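*Asks:* Generate coordinates for the sequence data below:
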Amino acid sequence: GKVTIRRADGSPSGVIGAVHELPGVGMLVHAEKGWFVARPRSDGAAATPVDGPDTGWVLQMKVLPGSGVLIQGRNGWFLARTKDDKVAFTPIGDVEITERVYAMDDWPTGGVLIGADKGLFLARETNGNVTIAPVGGADVQISANQRQARDGGWRLQADDRAGHDMGIGTLPRSRAILDP
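*Replies:* Okay, the predicted model is just below:
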């Protein structure tokens, strides 16, 4: 086979800082000159500008299952979703997580688990509203990583608030219920 790489029609100019799949639409692109959606075409791809918020530099993007794309920008948290083939951005409350988010991953019962300097948070949609809230009873500070374990549970590297290393532990899938 032959691979051909060419510039997409309408490509964003300037530095491209973040790219993530926008389910059912194409790729959501944050560039120096704003927000774009890249869509596949029979002859390649085309990128079109979309109105978006001033997020500042985009640090991370992650699909929030059933809702859209969760965006962590320097200027806050946002959700991008599509309606009638248009992209709409919504700010997510006044959440004070931190500047440093180590990892975001799907939570088995819905939502996205976020491991940050200030602890664990759960992003989820309830009745059409997306919230990010601290995980109840979790007085931990994530110091390295969180990832899904082989059994479907969660492996966490954490320190308690006093700075004592708690090592890596596993929260089995059967006990993976958090209520922020």
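
*Asks:* Low-confidence ranges, the protein, go.
*Replies:* For the chain, the stretches with pLDDT under 70 are 3-13, 94-99, 136-180.

*Asks:* which stretch of helix or strand covers Ala18?
*Replies:* With elements taken from DSSP states H and E, the one containing Ala18 is strand 16-22.

*Asks:* Buried ones in that strand, by neighbour count?
*Replies:* For strand 16-22, the buried set under the neighbour-count rule, 16 or more other Cβ atoms under 10 Å, comprises 17-20, 22. All C-beta spots, glycine's among them, are computed from the backbone N, C-alpha and C.

*Asks:* Please apply the same query to stretch 52-65.
*Replies:* So, applying 16+ other Cβ under 10 Å, buried residues of stretch 52-65: 52, 55, 58, 61-64.

*Asks:* As a check, name the ranges of all helices in the chain.
*Replies:* Remark: helices of the chain are absent; assignment by DSSP state H.

*Asks:* is it true that Ala46 touches Arg39?
*Replies:* Yes: because the distance of 5.8 Å satisfies Cβ atoms under 8 Å, Ala46 is recorded as touching Arg39.

*Asks:* Show me what Leu22 bridges to in the sheet.
*Replies:* Gly26 (DSSP bridges).

*Asks:* What residues does it make contact with?
*Replies:* For Leu22, the contact set (Cβ atoms under 8 Å, 6 or more residues apart in numbering) comprises 28, 37, 68-69, 80, 82, 87.

*Asks:* Kindly indicate which of the buried residues of strand 16-22 lies nearest Ala116.
*Replies:* Taking Cβ to Cβ as the measure, Ala116 sits nearest to Ala18 out of these, at 18.0 Å.

*Asks:* I figured Asp106 hits Val112, correct?
*Replies:* Yes: assessed by Cβ under 8 Å, Asp106 is found in contact with Val112 at 6.3 Å.

*Asks:* quick one, which of the two is more surrounded?
*Replies:* Just comparing Asp106 and Val112: by other Cβ atoms under 10 Å the higher neighbour count belongs to Val112, 21 against 14.

*Asks:* No further queries at this time; thank you.
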